[in-house]
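**Student:** can't give you the sequence, but here's the structure:
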């Protein structure tokens, strides 16, 4: 949706880099992205009126799963406004419950800014986002959770698929207030990192595969939506760890769950070398998330499994299932 408007430069805010108050005639482009009924509206103002703020949604789709664009936007006000008057120094302002950007922002940066807005909008509708993979495995719906500092959710998922498991989620599982799975992302690997999402500390998608597997299994999506998550596994895979497995206490479960659910806000990260990720969540949403984490943790067993390989993690999962421990 587009239209021509007049936009006066704002000289009062020192964070904006422009040197004239002359009005610029700009083209407005409105886009609205939708996921599970939650929507994010973006308005961009450009002199050429060319393109969408999110022309490349590779990173967004990997992290959240399928996002669709509403043909006719209905949201009354924007969640993100990009005032691209002219290329220049980036500026970001959190203003009246909306992000306002100026300057020349990269697609990866815009993707990263949109993710916490989606997390907020989903949580406002009583849905929660786990940073996790999940599999239907041996008749059980298992969550391989990424919590405070563990790692290995993707390698554990691959090994589960090697043993006949089916994918519920790869990077993000969205559940309702009662913890029932609604939708999961399906991309096992992030295929490319555009500017603004670079991470030299993250290994290439195939690095873990080459280390732990002879090849990739055939990935199959779960045929039916899981009715509930029956157990949570926090894998910690290092390549050198001595094996250890522990059933977690209630506080540990709630704490790790809260960390996983808060990941999509990215509050401890930078958007650019000089601009921190804005804090867009509210105290009410944090308290609601903590209450959900407590309830979710109360209703199922959690296991912290430290191992050198994903095969050892799944061996332990097999043992837990065969012993009947997961059912108690």
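**Tutor:** Great, that's in hand. Computed from a predicted model, the values in this text were never measured in an experiment.

**Student:** Mind jotting down where the strands sit in the stretch 151-300 of the chain?
**Tutor:** Using DSSP state E, counting those that start in this stretch, the strands found in the stretch 151-300 of the chain span residues 166-169, 172-176, 181-184, 231-237, 244-247, 270-272, 275-276.

**Student:** Out of those, the one nearest residue 121 is which?
**Tutor:** strand 172-176 (11.8 Å; Cβ to Cβ). The C-beta positions use only the backbone N, C-alpha and C, and glycine is treated the same way.

**Student:** quick one: buried residues of the closest one?
**Tutor:** Under the neighbour-count criterion of 16 or more other Cβ atoms under 10 Å, strand 172-176 has 172, 173, 174, 175 buried.

**Student:** which residues touch the second one?
**Tutor:** The neighbours of residue 173, taking Cβ atoms under 8 Å, 6 or more residues apart in numbering as the test, are 129, 130, 132, 133, 134, 143, 181, 183, 184, 185.

**Student:** do the same with the last one
**Tutor:** The neighbourhood of residue 175, defined by Cβ under 8 Å, 6+ apart, consists of 127, 128, 130, 181, 182, 229, 296.

**Student:** from those, which would you call buried?
**Tutor:** By neighbour count, with 16+ other Cβ under 10 Å, the contacts of residue 175 hold 127, 128, 130, 181, 229, 296 as buried.

**Student:** The first one and residue 264, how far apart?
**Tutor:** Counting by Cβ to Cβ, to the nearest Å, the separation of residue 127 from residue 264 is 12 Å.

**Student:** quick one: contacts for the residue nearest to residue 317 when sequence neighbours are not counted?
**Tutor:** Distance criterion Cβ to Cβ, 6 or more residues apart in numbering; nearest residue to residue 317, sequence neighbours excluded, is residue 233 at 6.3 Å. Under the criterion of Cβ under 8 Å, 6+ apart, the neighbours of residue 233 are 142, 143, 144, 145, 156, 302, 303, 305, 313, 317.

**Student:** out of these, who has the most neighbours?
**Tutor:** Highest neighbour count within those: residue 144, with 31 neighbours (other Cβ atoms under 10 Å).

**Student:** Next one, pLDDT for it please.
**Tutor:** Listed pLDDT for residue 144 reads 98.

**Student:** Equivalent analysis for residue 204, please.
**Tutor:** Looking at residue 204, its pLDDT is 65.

**Student:** Please apply the same query to residue 291.
**Tutor:** 98.

**Student:** Could you measure from it over to residue 128?
**Tutor:** Going from residue 291 to residue 128 by Cβ to Cβ gives 11 Å.

**Student:** Equivalent analysis for residue 211, please.
**Tutor:** Separation of residue 211 from residue 128 (Cβ to Cβ) stands at 32 Å.

**Student:** ok but residue 317 is inside a strand, no?
**Tutor:** No: per DSSP: H, G, I helix; E, B strand; the rest coil, residue 317 lies outside any strand segment and is helix.

**Student:** Verify the stated contact: it with residue 143.
**Tutor:** No: using Cβ atoms under 8 Å, residue 317 is not in contact with residue 143, being 11.5 Å away.

**Student:** List the contacts of residue 74.
**Tutor:** Contacts for residue 74 were tallied using Cβ under 8 Å, 6+ apart; they are 32, 39.

**Student:** quick one: which helix or strand includes it?
**Tutor:** Following DSSP states H and E, there is no helix or strand that holds residue 74.

**Student:** what's the first-to-last distance across stretch 59-69?
**Tutor:** Start and end residues of stretch 59-69 are separated by 16 Å (Cα to Cα, to the nearest Å).
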